[in-house]
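Novice: Here is the input, now give the coordinates:
(chains A and B)
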Amino acid sequence: MADQQPGFSTLAIHAGAAPDAATGARATPIYQTTSFVFDDVDHAASLFGLQAFGNIYSRIGNPTNAVLEERVAALEGGTAALAVASGHAAEFLTFHALMQPGDEFVAATKLYGGSINQFNHSYKNFGWSVRWADSDDPATFEAAITERTKAIFVESIANPGGVIVDIAAIAEIARRHRIPLIVDNTMASPYLIRPFEHGADIVVHSATKFLGGHGNSIGGIIVDGGTFNWAGDERYPMLSKPRPEYGGMVLGETFGNFAFAIACRVLGLRDLGPALSPFNAFMLLTGIETLPLRMQRHSDNALSVAEHLQAHEAISWVSYPGLRTDRYHNLAARYCPKGAGAVFTFGLKGGYDAGVRLVSNLRLFSHLANIGDTRSLVIHPASTTHRQLTDEQRTVAGAGPEVVRISVGLEDKEDLIADLDQALAAA
Amino acid sequence: MNHDSYPDAYIRSILQGVRTVAIVGASINPARPSFIVVKYLAERGYEVIGVNPGLAGGTIAGCPVVARLADVGKPVDMVEIFRNSEAAGPVVDEALALEPKPRVIWMQLSVRNDEAAARAEAAGVQVVMNRCPKIEYGRLSGEIGWQGVNSRILSARKPQLSGKGFQKLTIDSRR
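Specialist: Okay, the predicted model is just below:
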């Protein structure tokens, strides 16, 4: 009989943490240290050779970061996780573990603009090519796969907001082609959606957003679902081949169903270095303790605000899957029955200029580039986060000239509605 | 015993209850799990004997190596098998022929032979399959958490330091 699985709220507080063995400290200590003492040379050699568990140097691993890693792995239902400096770093190290020069991956067009830029521009330096597909039509993913395709990448709830992706349908395509499905679960958080339950193999987060929840610390997480069989798969040499960095060890063999997370750590993070500060890890995991409470309030507030905007004369459309009339409502009912999240877009009848005026007139919403804060946030993507895209890319990404994106916070919803009303009236 | 998933209490009682462990298929290659497990268990206080005809008479991580299980020369609490699933069958039968029988037969990650497991259980031997004792010890002690692995252990009690150097925890019950 398997052990009973604790509930989500219990995991959010306790997973990965225990009173400090040396001092009994209950809150997770911030191990603000670069290095860790060895017992002797043999102990050091064991650690460097991945023969013993332990900490060597905070670029590679840190006990505070480890609590965050185990916490998010448990919440997502994964086998292990790796905390890194940012969501961008999480994406980068994930692809670094999967891709060789000349390889391809298929990504949804509906993505955060920063991911689009990373895939379209920086990845060219490594010879990694992206092919785009429409997450509303899983068949377009199938059509984009070639013999060089090594992964598929989608967001669960997609930026700039209001798009729910049919993860299971795309996971089925990935499975048939024996390639891993990576899901960026930033906008949903594991409270609303757990992509592994729908067939994802790897989950990434910008922990900066809803996981940390308070807009104070940048961080990223890679979570290993433990479902992909790397052993003997020559297409993924980081996991299947004897690694010269570790005396010929085959990571996929030694580390079983958490080998992917280990590979990202001992190969990518070790050599490329985007380490997360232990202080940031502490802030992020403190925020995670209230993740269930916050995500529910975010979603409930967002629904109230969306309903209000839908009836507003200055608004031409609202894209929020929590609305019964929304095109993604059925997918939302299936994938995130607790709520559709905090982030959505709406269109202003006054177009680009009305968008710019709105963000200038709001007094309680903060105009900045972020989502997933306790504070309500607003941005006009066409003039900011998606500015570096072409007109066509912006439209395809749902960031046309009249689009405003808000991330609804935890304030009293009456105050948020009042602020939007006054700002729309002034526009 | 359902071999698809083991309760933590089952694994913990096995790892706490055995002392002498024979490792069939032990290797001197420090990059292979069949070396690393020998070393890890020896460092945690188990008496480990390697079984590998090609290395008999030598040592692996300071532990003696014999050619066959029957050559161990003393009672063995647990036999661990680092062979493929099919080859594990005859090894289980060798283990069951030992006098006294081992209390536990453990098959490494990716090794699973249900027929052999049934024979062992019928003879009163406990069986674990498709698991790595280093990973399980790391999970139950909490050490594996340092590598960001989901130990699936939730506790508000302090883990027990082993007292033998830094960064070593034990699987003793937490007080």
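
Novice: For chain B, I'd like the single residue that approaches chain A most closely.
Specialist: In chain B, the residue that lies nearest chain A is residue B:148 (3.0 Å; C-beta to the nearest C-beta). Bear in mind the C-beta positions are built from the backbone N, C-alpha and C, glycine included.

Novice: OK, contacts around that residue?
Specialist: Taking C-beta atoms under 8 Å, 6 or more residues apart in numbering or on different chains as the definition of contact, the neighbours of residue B:148 are A:61, A:65-66, A:69-70, A:73, A:80-83, A:261, A:265.

Novice: per-residue confidence for it?
Specialist: With respect to pLDDT, residue B:148 has a value of 95.

Novice: Name the nearest residue to it, sequence neighbours excluded.
Specialist: Ranked by C-beta to C-beta, 6 or more residues apart in numbering or on different chains and with sequence neighbours excluded, the top spatial neighbour of residue B:148 is residue A:69, at 3.0 Å.

Novice: what do you get for residue A:214?
Specialist: Nearest to residue A:214 is residue A:287, by C-beta to C-beta, 6+ apart, at 5.2 Å.

Novice: Taking the centroid of chain A, which residue is nearest it?
Specialist: Compute the mean C-alpha point of chain A, and by C-alpha atoms, centre = their mean the closest residue is residue A:205, 2.2 Å away.

Novice: Give me the spatial nearest neighbour of that residue, chain neighbours excluded.
Specialist: Closest residue in space to residue A:205, ignoring its immediate chain neighbours: residue A:221 at 4.4 Å, by C-beta to C-beta, 6+ apart.

Novice: Which residue does chain A have closest to chain B?
Specialist: Evaluated by C-beta to the nearest C-beta, chain A has residue A:69 as its residue closest to chain B, separated by 3.0 Å.

Novice: coming back round to it: thought the residue nearest to residue A:214 was touching residue A:212?
Specialist: Yes: proximity of residue A:287 to residue A:212 meets the contact threshold set by C-beta atoms under 8 Å, at 4.2 Å.

Novice: how many other residues sit next to residue 74?
Specialist: Chain wasn't specified; assuming chain A. The burial metric for residue A:74, expressed as a neighbour count using other C-beta atoms under 10 Å in any protein chain shown, is 27.

Novice: could you do chain B instead?
Specialist: The tally of other residues near residue B:74 (other C-beta under 10 Å) stands at 8.

Novice: ditto for residue A:189
Specialist: Around residue A:189 there are 30 other residues, counting by other C-beta under 10 Å.

Novice: same question, residue B:28
Specialist: Using other C-beta under 10 Å, residue B:28 has 17 neighbouring residues.

Novice: Could I get the phi/psi values of it?
Specialist: Main-chain torsions, residue B:28, degrees, to the nearest 10: phi -90, psi 0.

Novice: what do you get for residue B:106?
Specialist: For residue B:106, the backbone dihedrals are phi -120, psi 130 (criterion: degrees, to the nearest 10).

Novice: In the one helix or strand residue A:425 maps to, which residues are buried?
Specialist: Residue A:425 is part of helix A:413-426, with elements assigned from DSSP states H and E. Judged by neighbour count (16 or more other C-beta atoms under 10 Å in any protein chain shown), helix A:413-426 contains these buried residues: A:413, A:416-417, A:419-420, A:423-424.

Novice: any idea how far the helix or strand hosting the residue nearest to residue B:148 is from the chain center?
Specialist: Using DSSP H and E, residue A:69 maps to helix A:63-76. Mean-position distance between helix A:63-76 and its chain equals 14 Å (C-alpha atoms, centre = their mean, to the nearest Å).

Novice: Report the mean per-residue pLDDT for it.
Specialist: Averaged across helix A:63-76, pLDDT comes to 98.

Novice: For that helix, name the packing helices and strands.
Specialist: Contact partners of helix A:63-76 among helices and strands, from 3 or more C-beta pairs under 8 Å, 6 or more residues apart in numbering or on different chains; DSSP states H and E: helix A:8-14, strand A:80-84, helix A:189-192, strand A:220-224, helix A:278-288.

Novice: quick one: pLDDT of the most centrally placed residue in chain B?
Specialist: The C-alpha lying nearest the average C-alpha coordinate of chain B belongs to residue B:133 (C-alpha atoms, centre = their mean; 4.5 Å). According to the per-residue confidence, residue B:133 scores 96 in pLDDT.

Novice: which residues does it contact?
Specialist: If you count contacts by C-beta under 8 Å, 6+ apart, residue B:133 has them with B:15, B:37, B:40-41, B:80, B:106.

Novice: redo that, cut-off 10 Å
Specialist: Under the criterion of C-beta atoms under 10 Å, 6 or more residues apart in numbering or on different chains, the contact list for residue B:133 reads B:11, B:14-15, B:18, B:21, B:23, B:37, B:40-41, B:44, B:46, B:78, B:80, B:106, B:108-109.
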